[in-house]
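**Student:** next input, structure requested:
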Amino acid sequence: MRRTIIHRSSTDTIATRATIATRATIATRATIATRATIATRATIATRTTIVALAAGALALTGCASSSGDTANASSPGGDLAKVSFALDWAPNTGHVGLYVADELGYFEEAGLDVEILPYGSTPATQLVSAGEADFGIGGQSQVQMGRTSGLDLVSVYRTTQTDTGRIVTLAGRDDITRPADLDGLVFGGFGAPLYTALAKGTIEGDGGTGDFEEVALDTGAYEALSQGRIDFTLSVSTWENVQAKLDGHPYQEFRYQDFGVPDQQGGGIVSSEAYLDAHPDEAKAFVHAIARGYAYADEHPDEAAELLLKANPDTLGKSKELVRASMQLIADEGYFRADGLEIGAANPAFWDEFGTFLLDGGFLVDANGEKLTEQPDWSEYYTDEYLG
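**Tutor:** Reported below is the predicted structural model:
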């Protein structure tokens, strides 16, 4: 199996994954998508070419999805087609399907040599739009806001079928038992208006005014929360919340959707119309392979966690317990699948409803920075064409 990793310099200040709506997921980690208590994005060392796969893993590869009709993009001469993929954060369980597909040889079977680009200072969605990456991480709200503002983005696969973002406070605070109690308190934000709107909408949905003081702290919000310097922040239930529980100090959490904020497919994979038009075979082969990876992770969370750890010893070597617990939660809660939908498929109702939330909140602007007054045709923003 061949995979090349390009080294990019990391920055000390990271823009939060718009997937909190989905971390990473937020509008997604825009899904805090997909992030972590990963305080630093360590430079990812080039991995050695893997010559053989463990026999146990090979025995399980057929369980994820049928491989007999796998799309293949290799040339008649047998050369693998090169595809680049941009991460939105340091490797984490939101990316597990990518690494499973690589480790178990799904990409190679599909005729692809996938190059994983570590997160740097430029968002993955911008790299994809500019043609510097063929695919990348980008959640529903990122696509809705980005494409509306002029980026060349199309959602081709949805990694999480619901929002993993939460409002969190320290547990044990007698003065905070519901979102409405957050009125007048201090919010540790991330410098993005959408995150503020998610907090405000949740509080208002519980009967509060949605008035609070905000300080922009980015990833420093979690330390500030633990030290009592802020009263609440936003997190990803499948990552930060898991870490807090493992540390013995679980958060009190409020799910946005329990208080009237529309749901969304927080995590996802994007490409550009330019790439899809020019490389339809490669696109279909890639989406098929990535779908196999996420299906395997959904059915075999323990094995998938080990594959993710194996692929990223430098960034995740000290987070083994977190990775394993996160994957188990994802499987138990069914974040990768939704009833009535093929794995990775779009949920049109979610796109319409969250699109209304974005429009009403004034978050949709065109390429000239002018606010939209009518919703776009959201069906043009996503496709399931490459799944089947």
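**Student:** CA atoms for contacts and neighbours, from now on please.
**Tutor:** Noted.
**Student:** the helices in the protein, which residues?
**Tutor:** In the chain, the segments counted as helices under DSSP state H are 55-60, 96-103, 106-109, 124-129, 140-148, 193-205, 221-226, 240-246, 273-278, 280-299, 301-311, 313-316, 320-333, 348-360.
**Student:** any weak-confidence spans in this protein?
**Tutor:** The model of the chain has pLDDT under 70 over residues 1-70, 74-77.
**Student:** again, 50 this time
**Tutor:** 1-68 (pLDDT under 50).
**Student:** still on that earlier bit, and of the helices of the chain, who's closest to Trp89?
**Tutor:** Proximity to Trp89, assessed across those by CA to CA, is greatest for helix 124-129 (8.9 Å).
**Student:** quick one: list the elements packing against that closest one.
**Tutor:** strand 81-86, strand 135-137, strand 268-271 (3 or more CA pairs under 8 Å, 6 or more residues apart in numbering; DSSP states H and E).
**Student:** which one of these lies nearest to Ile167?
**Tutor:** strand 268-271 (21.4 Å).
**Student:** who does that closest one pair up with?
**Tutor:** strand 135-137 (antiparallel), strand 154-158 (antiparallel) (DSSP bridges).
**Student:** run through who's touching the last one.
**Tutor:** Yep, that's strand 154-158 we're talking about. Here strand 154-158 makes contact (CA atoms under 8 Å, 6 or more residues apart in numbering) with 138-140, 143, 147, 265-273, 287, 291, 344-346, 380-387.
**Student:** residues near Tyr335, how many?
**Tutor:** Residues lying near Tyr335 (other CA atoms under 10 Å) number 20.
**Student:** any chance of the strands paired with strand 268-271 in TSV with mean neighbour count and distance to Arg337 as columns?
**Tutor:** Shown next, in TSV, are the strands paired with strand 268-271 (neighbours: other CA atoms under 10 Å; distance: least, CA to CA, whole Å):
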stretch	mean neighbour count	distance to Arg337
strand 135-137	30	18
strand 154-158	28	9
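**Student:** ok, which of those comes nearest Asn312?
**Tutor:** strand 135-137 (17.5 Å).
**Student:** ok, Phe187 touching Leu225?
**Tutor:** No. Using CA atoms under 8 Å as the test, Phe187 is too far from Leu225 to be in contact (9.3 Å).
**Student:** who has more neighbours out of the two?
**Tutor:** Taking other CA under 10 Å, Phe187 and Leu225 do not tie; Phe187 has more neighbours (26 against 20).
**Student:** excluding sequence neighbours, find me the nearest residue to the more buried one.
**Tutor:** The spatially closest residue to Phe187, leaving aside those adjacent along the chain, is Glu214, at 4.7 Å (CA to CA, 6 or more residues apart in numbering).
**Student:** again with Glu374
**Tutor:** Nearest non-adjacent residue to Glu374 (CA to CA, 6+ apart): Leu359, at 7.5 Å.
**Student:** ok, Leu80 to Ala285 distance?
**Tutor:** Using CA to CA, to the nearest Å, Leu80 is found at 11 Å from Ala285.
**Student:** Val168 now?
**Tutor:** From Val168 to Ala285 the distance is 40 Å (CA to CA).
**Student:** one more: Thr122?
**Tutor:** Distance from Thr122 to Ala285, by CA to CA: 26 Å.
**Student:** that older thread, overlap in contacts of Phe187 and Leu225?
**Tutor:** Common neighbours of Phe187 and Leu225, counting by CA under 8 Å, 6+ apart, are Asp231, Phe232, Thr233.
**Student:** quick check: the last one vs Gly120, distance?
**Tutor:** Using CA to CA, we find Thr233 at a distance of 24 Å from Gly120.
**Student:** same deal with the second one?
**Tutor:** Taking CA to CA as the criterion, Phe232 is separated from Gly120 by 28 Å.
**Student:** tell me which of those two has more neighbours.
**Tutor:** Phe232 (29 against 22).
**Student:** pairing partners for Val236 in the sheet, please.
**Tutor:** On the basis of DSSP bridges, Val236 is bridged to Gly165.
**Student:** can you lay out the helices and strands packed on helix 124-129 as JSON lines showing distance to Glu103?
**Tutor:** Putting those into JSON lines (distance: least, CA to CA, whole Å) gives the following:
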{"stretch": "strand 81-86", "distance to Glu103": "15"}
{"stretch": "strand 135-137", "distance to Glu103": "18"}
{"stretch": "strand 268-271", "distance to Glu103": "19"}
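**Student:** among these, which is nearest Asp352?
**Tutor:** strand 268-271 (16.5 Å).
**Student:** what sits up against that closest one?
**Tutor:** For strand 268-271, with CA under 8 Å, 6+ apart as the criterion, the contacting residues are 125, 128-129, 134-140, 143, 153-160.
**Student:** can you rerun that using 7 Å?
**Tutor:** Residues from elsewhere that reach strand 268-271 (CA atoms under 7 Å, 6 or more residues apart in numbering): 128, 134-140, 153-160.
**Student:** ok, now stretch 288-304?
**Tutor:** 63-65, 70-71, 96-98, 100-101, 106-107, 110, 324, 327-328, 331, 336, 343-344, 387.
**Student:** so what's Ala331 up against?
**Tutor:** Counting by CA under 7 Å, 6+ apart, the residues that Ala331 touches are Asp298, Pro301.
**Student:** how about 10 Å then?
**Tutor:** Ala331 is in contact with Ala297, Asp298, Glu299, His300, Pro301, Asp302, Arg337, counting by CA atoms under 10 Å, 6 or more residues apart in numbering.
**Student:** neighbour count for Thr122 and Ala285, which is higher?
**Tutor:** Using other CA under 10 Å as the criterion, Thr122 and Ala285 rank with Ala285 on top: 25 against 14.
**Student:** these two touch, right, Ala305 and Ile330?
**Tutor:** No. Judged on CA atoms under 10 Å, Ala305 makes no contact with Ile330 at a distance of 11.0 Å.
**Student:** what's the overlap in contacts for the two?
**Tutor:** When contacts are counted by CA under 10 Å, 6+ apart, the set common to Ala305 and Ile330 consists of Thr93, Ala297.
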